[in-house]
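**Q** Give me coordinates for this.
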Amino acid sequence: MSKTSQQNTTTDASGASVIHTQAHSSGLQQVPQLVPVSPGGGGKAVPPSKQGKKNSFVDRNSDEYRQRRERNNMAVKKSRLKSKQKAQDTLQRVNQLKEENERLEAKIKLLTKELSVLKDLFLEHAHNFADNVQPVGTESTTTNPENSGQ
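**A** Predicted structure coming up:
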C-alpha cells in the first residue's frame, strides 16, 4: 500500500513560504519549512519563533520589560558563576593530576633503582654459583681411601 501525499504552499505574514503536506493516511500536517520568497534568495526567511518580534515596540518603562530584564540579568549572573566555578574545578583537577603524576614518577625512579640492585645481586649470585659448580662430565677422579681397600 503506497502512501500518497499532496503539498500546499502558503505565504505567512512575514513573507516566508510555509509548505503544508497532506498525507493520505494521516490527514493534514503542517510542516514548517522556511523557503525564501524571492527565487534568487535575496532575503532571509524568518523562523516562526522570531516573527512579529522585530517590529514590535518595547516600552522600557513597563513592568513586563523590567521583569524580563531582571530575569535575564539573574540568568546571566548564574551562567557566569557556573562558568567560573567550572574553570576553578578544572584548574583544581589539573593541579591534583600534576601532583599525582609527580608522585608516580618518583615511585617509578625508586622501583627502577630497586630493580637494578636486585638484578645486580641476582647476576652476582648466579656467577658465584656457576663458579662453584663443576660440570657433570668433568668430575675429578680422586679415590676415596676408605673404598680402595675392598
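**Q** Assign Val58 to helix, strand or coil.
**A** coil (DSSP: H, G, I helix; E, B strand; the rest coil).
**Q** Show me where this protein has its helices.
**A** Here the chain has its helices, by DSSP state H, at 63-132, 145-148.
**Q** Can you tell me which of the ones you listed is most buried?
**A** helix 63-132 (a mean of 10; mean count of other C-beta atoms under 10 Å). C-beta here means a position set from N, CA and C on the backbone, and glycine is covered the same way.
**Q** tell me the average confidence for it?
**A** Mean per-residue pLDDT for helix 63-132: 96.
**Q** rewinding a little: what's the closest of the helices of the chain to Ala45?
**A** Judged by C-beta to C-beta, the one of these that comes nearest to Ala45 is helix 63-132, at 26.4 Å.
**Q** State the distance from Asn72 to Arg66.
**A** The gap separating Asn72 from Arg66 is 11 Å, by C-beta to C-beta, to the nearest Å.
**Q** Distance to Phe57 for the helices of the chain - can I get that in a markdown table?
**A** Below are the helices of the chain laid out as a markdown table (distance: least, C-beta to C-beta, whole Å):
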| stretch | distance to Phe57 |
| --- | --- |
| helix 63-132 | 11 |
| helix 145-148 | 128 |
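**Q** From His125, how far out is Asn132?
**A** Distance, Asn132 to His125, using C-beta to C-beta: 11 Å.
**Q** Same check on Lys78?
**A** Lys78 sits at a distance of 69 Å from His125 (criterion: C-beta to C-beta).
**Q** what's the answer for Ser83, then?
**A** Distance of Ser83 to His125, given as C-beta to C-beta: 63 Å.
**Q** cool, Val58 as well?
**A** Distance, Val58 to His125, using C-beta to C-beta: 90 Å.
**Q** Lys98 too?
**A** 41 Å.
**Q** Also Arg68?
**A** From Arg68 to His125 the distance is 84 Å (C-beta to C-beta).
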